[in-house]
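Student: Below is the sequence, then the predicted model.
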Amino acid sequence: MLLPGVAASSIIKPTAAMAQDAAKDATVLPGITVVAPTEKPKRAAAKPAAPTRAASSRGAGRSSAPAQEAAVAGAGAPNPAQAALDRKMQGFDQSRDHVLTKLGASTYTIDRNTIETMPQGDNTPVDKLVLQLPGVNYDSAASNPNFHVRGEYANVQTRINGLVLPEGVSGLGPVIDTNFIGSLSLLTGTLPAQYGLRTAGVLDITSRAFSTPGGSVSIYGGSQSTITPSFDYGGSVGDTQYFFSGRGNWNNLGIENPTSSVNALHDHTDQGKFFAYVSTLLNEQTRLSVISGASYSTFQIPNNPNQMPIGNFPSAVVDSSTLNENEIDQYYFNLVALQTKGDVIDTQFAVFSRYAQVHFIPDIAGDLAFNNVASDVTRASQMYGTQFDASYEVNRAHTLRAGFMVTAEKTDVSNISTVFPADLSTDPPTILGPAYTINDSNSLLGWNLGAYVQDEWKLTNQLTLNYGIRFDQLYQFVDANQFSPRAALVYKPFDGTTFHAGYARYFTPPMQAQATQSNLALFNNTTNQPDVPLNNPVLPERSHYFDVGVEQKLLPGLTFGLDAYYKIATDLIDDGQFGQAVVLTQFNWARGYSEGAEAKVKYQNGDFSAYANFAFNITRATDPVSNQYLLDPDEYAFLLTHYNYTDDMQMLTGSAGASYRWNQTLFSINMKYGSGLPTGFANSAFNEPYVTANLGIAHEFQALPGAKPLTVRFDVVNLFDKIYAIRDGSGIGVFAPQFGQRRGFYAGISQKL
């Protein structure tokens, strides 16, 4: 289901030839016929390839078609050689989608045109972009990422062109940028068996590609001293397509403000991101693709003025508004994929590497004054892995799919803590001497292994069963494994009506860098000695997941969807910021559950489009069974026997938006609603609800006929200057208050190349 935005046809008028190709494409789609399993294997007749990448009969193709990209970029129509290459690449895209089915999952898609018609357009960070999807709620940047899917912690995986993007180590802000995205789909619910590890949701990204050379260069900025230059450029040479993009971002609101003021204290950030994609045909049946990316960011940690020292630090004057804490986040990845397509067998084999590091640098004197400890935390991780997926069409009734993924991760985690020796029998503790440092470090080489097999069985022309099983083996701080059956039914009784229902068994390993155990004995008789002296290792989460939904086309251009789900979990994984270092640490709840429902509607009529989403969720858990030392002793005693709302759930969330293109001017607006995240003792209360809106206006100028357009845009973020707290500083795993951004004004110029 596509997130409504201005459709491609409202920006690029289709030619007669394109219309003829589309009509021809529609006439040759084969009907579904159930045949005996002994019938000779054969692939459905191949369709003539259209000049643009559109949805195929076997799966969603690239939403952002290279021919469309070229037209938008003002590069003109592709020549015959470029059009031929595009048709071949489209065939490989469809083959890849056939291998990596989404059948049975709840899917919501944002395409390139929709991104460009939102307020801020490509300047919208990815983690803000996904807030417009159903069932996604907003959190602070310290939560990494600053969104949650269906009330869960950061249990979301990202895939680029079907390849798993290895997760980071708890940094600030997204490591990828919006301007390389051709389309972005959120998959939730009962996922097919090939999706393991992070299962609350899958951000399935297709990168942009161009048939003819084209791109853009832009400068954007405004409030909070924001300056963000960016570029993207792509094209083709011979049998090779390429695309490159980059962005810098400098502003004074790197992390949410701990106060409700317009301007935060000590909150500057410098960020740079780069993405590269090269894809080449080795022959008619083989394609080699290389994807690389890099992100380097520095953050000042914002200060909360007028805070009182805890009272036992031997210093005269300490001002919380002058603290100087900082963080440096790095992330670099490379993916290499070899894809083959044939009459009945399609495959994709990939190898990848990733290096990530987070370094939190404390203000030693200030942190000692306000926390009795100053922690210099470094988390570094090197990961290597391989991924293989294949599909085999046994006959028209059965398509078998199988694959595996193996990752090896070497983590090095150190916490150099400056503490005081102390007599803990007094309140507050009595300082017994000068401060000194303790180095609590840990290194581990861990392994994740997963394999699956599944069958897509067309029971009738309208009813399809996708069932399978996967096996996961974890060698980390604990060794564990699980067989996980999956099954989903998809029923299409009428044109425009789709029902789905499914069950999935999930196995979710901890994030290795966030599950590292602390040596508590090192901190005995210091101001960093925990009140709860327990730190059992973090366990993999095991859950049963049920999902049912329907999508219905009500009228031409009007589509409605409804989805409901229920999850039962053992050793439910959660995380939080426990201390002044802005990094996350994981722990388990012995038992937990999540239940909810989502409604979504979209409308498209010519140059006008609109959408709205609304979601309900309750996620509760009890009995912390790992890293118990992180919790306050009173809360820990209470939580052993009482259910609590997990800190990342939001009971009610919503989003909506609309856009209208009038000649060369685009008007757009979107909004988000949240009922408030949990707060207070044992998360027994909720922050206040809020609604915010963003407004955008963009106009294209064309100096001469045939010249490439120049786009000027103006955006307002938080149009009505709503003051709202995302976090108030209390609750489980919450260290400091965080307020949503106040009203901001932004302008930009973008030149097509």
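Tutor: All right, it came through fine. Computed from a prediction, not measured in an experiment: that's the story for all the values here. Numbers count the residues shown, from 1 in each chain.
Student: Can you get me a residue count around Gly706?
Tutor: Counted by other CB atoms under 10 Å, the residues lying close to Gly706 total 7. Quick note: C-beta positions are derived from backbone N, CA and C, even for glycine.
Student: Name the helix or strand for the most centrally placed residue in the chain, please.
Tutor: In the chain, the centroid-proximal residue (CA atoms, centre = their mean) is Leu203; its distance is 5.2 Å. Here Leu203, judged by DSSP states H and E, is contained in strand 201-207.
Student: partner strands of that strand, parallel or antiparallel?
Tutor: strand 156-160 (parallel), strand 181-188 (antiparallel) (DSSP bridges).
Student: could you pull out the helices for this protein?
Tutor: 8-11, 16-27, 66-72, 80-99, 112-116, 126-129, 364-371, 633-639 (DSSP state H).
Student: Just give me the lowest mean pLDDT stretch among these.
Tutor: Ranked by mean pLDDT, the helices of the chain end with helix 8-11 at the bottom, a mean of 36.
Student: before we move on, the earlier item: show me the contacts for the residue nearest to the centre of the chain.
Tutor: Leu203 is in contact with 130, 156-159, 184-186, counting by CB atoms under 8 Å, 6 or more residues apart in numbering.
Student: same thing but at 10 Å, please
Tutor: 126, 129-130, 133, 145, 149, 156-160, 165, 176, 181, 184-187 (CB atoms under 10 Å, 6 or more residues apart in numbering).
Student: Also Asn528?
Tutor: 371-375, 415, 417-420, 422, 438, 440, 518, 520, 522, 579 are the contacts of Asn528 under CB under 10 Å, 6+ apart.
Student: same deal with Ile361?
Tutor: By CB under 10 Å, 6+ apart, the neighbours of Ile361 are 298, 301, 324-328, 374-378, 581.
Student: now do Ser143
Tutor: So Ser143 contacts 127, 153-154, 170, 172, 256, 575-577, 584, 647-648, 677, 726-727, 733-734, 738 (CB under 10 Å, 6+ apart).
Student: then stretch 555-574 to PDB, C-alphas only?
Tutor: What follows is stretch 555-574 as a C-alpha-only set of coordinates in PDB (Å, rounded to 0.1, in the frame of the first residue of the first chain):
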ATOM      1  CA  LEU A 555     -14.000   4.200  -4.400                       C
ATOM      2  CA  PRO A 556     -11.700   5.200  -7.300                       C
ATOM      3  CA  GLY A 557      -8.700   6.700  -5.600                       C
ATOM      4  CA  LEU A 558      -9.900   5.900  -2.100                       C
ATOM      5  CA  THR A 559      -8.400   3.000  -0.100                       C
ATOM      6  CA  PHE A 560      -8.900   1.900   3.500                       C
ATOM      7  CA  GLY A 561      -7.000  -0.600   5.600                       C
ATOM      8  CA  LEU A 562      -7.400  -2.100   9.100                       C
ATOM      9  CA  ASP A 563      -4.900  -4.400  11.000                       C
ATOM     10  CA  ALA A 564      -4.900  -6.000  14.400                       C
ATOM     11  CA  TYR A 565      -2.200  -7.900  16.200                       C
ATOM     12  CA  TYR A 566      -1.300  -9.700  19.500                       C
ATOM     13  CA  LYS A 567       2.100 -10.700  20.800                       C
ATOM     14  CA  ILE A 568       3.000 -12.900  23.700                       C
ATOM     15  CA  ALA A 569       6.700 -12.700  24.700                       C
ATOM     16  CA  THR A 570       9.100 -14.600  27.000                       C
ATOM     17  CA  ASP A 571      12.200 -12.600  28.000                       C
ATOM     18  CA  LEU A 572      10.900  -9.500  26.300                       C
ATOM     19  CA  ILE A 573      13.900  -7.200  25.400                       C
ATOM     20  CA  ASP A 574      13.800  -3.600  26.500                       C
END
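Student: Distance from stretch 405-412 to the middle of the chain?
Tutor: 20 Å (CA atoms, centre = their mean, to the nearest Å).
Student: Around the nearest residue to Gly680 once chain neighbours are set aside, how many other residues sit close by?
Tutor: Using CB to CB, 6 or more residues apart in numbering and skipping the chain neighbours, the partner closest in space to Gly680 is Ser730 (5.5 Å). Look at Ser730: counted by other CB under 10 Å, it has 15 neighbours.
Student: Please look at Ser730 and Asn683 and confirm they touch.
Tutor: Yes - contact criterion CB atoms under 10 Å: Ser730 and Asn683 qualify, at 9.0 Å.
Student: Which of the contacts of Ile361 are buried, as a ChimeraX select command?
Tutor: The buried subset of these, as determined by 16 or more other CB atoms under 10 Å, is captured in ChimeraX by this line:
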select :298,301,325,326,327,328,374,375,376,377,378,581
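Student: For Leu489, which residues are in contact?
Tutor: Leu489 neighbours (CB under 10 Å, 6+ apart): 103-104, 459, 463-467, 499-503, 548.
Student: Now do the strands in the stretch 651-753 of the chain.
Tutor: 652-662, 665-674, 678-679, 685-686, 690-701, 710-717, 725-728, 737-739, 744-752 (DSSP state E, counting those that start in this stretch).
Student: List the strands paired with the first one, with their directions.
Tutor: Meaning strand 652-662. strand 608-624 (antiparallel), strand 665-674 (antiparallel).
Student: can you tell me how far Leu534 sits from Ala590?
Tutor: Separation of Leu534 from Ala590 (CB to CB, to the nearest Å): 13 Å.
Student: actually Ala656, not the one I typed
Tutor: Taken as CB to CB, the span from Ala656 to Ala590 is 38 Å.
Student: Narrow the contacts of Asn528 to just the buried residues.
Tutor: 371-375, 415, 417-420, 422, 438, 440, 518, 520, 579.
Student: I'd like to know how far the nearest residue to Tyr746 once chain neighbours are set aside sits from Asn448.
Tutor: Counting by CB to CB, 6+ apart, the nearest residue to Tyr746 once its immediate chain neighbours are dropped is Gly222, at 3.4 Å. Here the criterion is CB to CB. By it, Gly222 lies 43 Å from Asn448.
Student: Identify the residues contacting Val717.
Tutor: 119-120, 124, 128, 222-224, 692-696, 740-746.
Student: What about the contacts of Leu489, which are in strands?
Tutor: Secondary structure from DSSP state E places 463-467, 499-503, 548 of the contacts of Leu489 in strands.
Student: if we can go back for a sec, now for the strands paired with strand 201-207, which one comes closest to Leu639?
Tutor: strand 156-160 (25.3 Å; CB to CB).
Student: Most neighbours out of the contacts of Leu489, which is it?
Tutor: Gly104 (28 neighbours).
Student: Now for the closest residue to Thr347 other than its chain neighbours, how many residues are close by?
Tutor: Closest residue in space to Thr347, ignoring its immediate chain neighbours: Ala390 at 4.3 Å, by CB to CB, 6+ apart. For Ala390, the neighbour count with other CB under 10 Å is 16.
Student: can you check His398 too?
Tutor: Residues near His398, counting by other CB under 10 Å, number 17.
Student: And the pLDDT at it?
Tutor: So, for His398, pLDDT stands at 97.
Student: who's in contact with Trp457?
Tutor: 34, 37, 394, 397-400, 463-467.
Student: repeat for Leu253
Tutor: For Leu253, counting by CB under 10 Å, 6+ apart, the contacting residues are 141, 223-226, 262-264, 267-269, 302, 741-742, 744.
Student: Quick check: which of those residues has the minimum pLDDT.
Tutor: Ala141 (85).
Student: Distance of it relative to Glu551?
Tutor: 33 Å.
Student: Those two: which has the busier surroundings?
Tutor: Using other CB under 10 Å, the more surrounded residue of Ala141 and Glu551 is Ala141, with 22 against 19.
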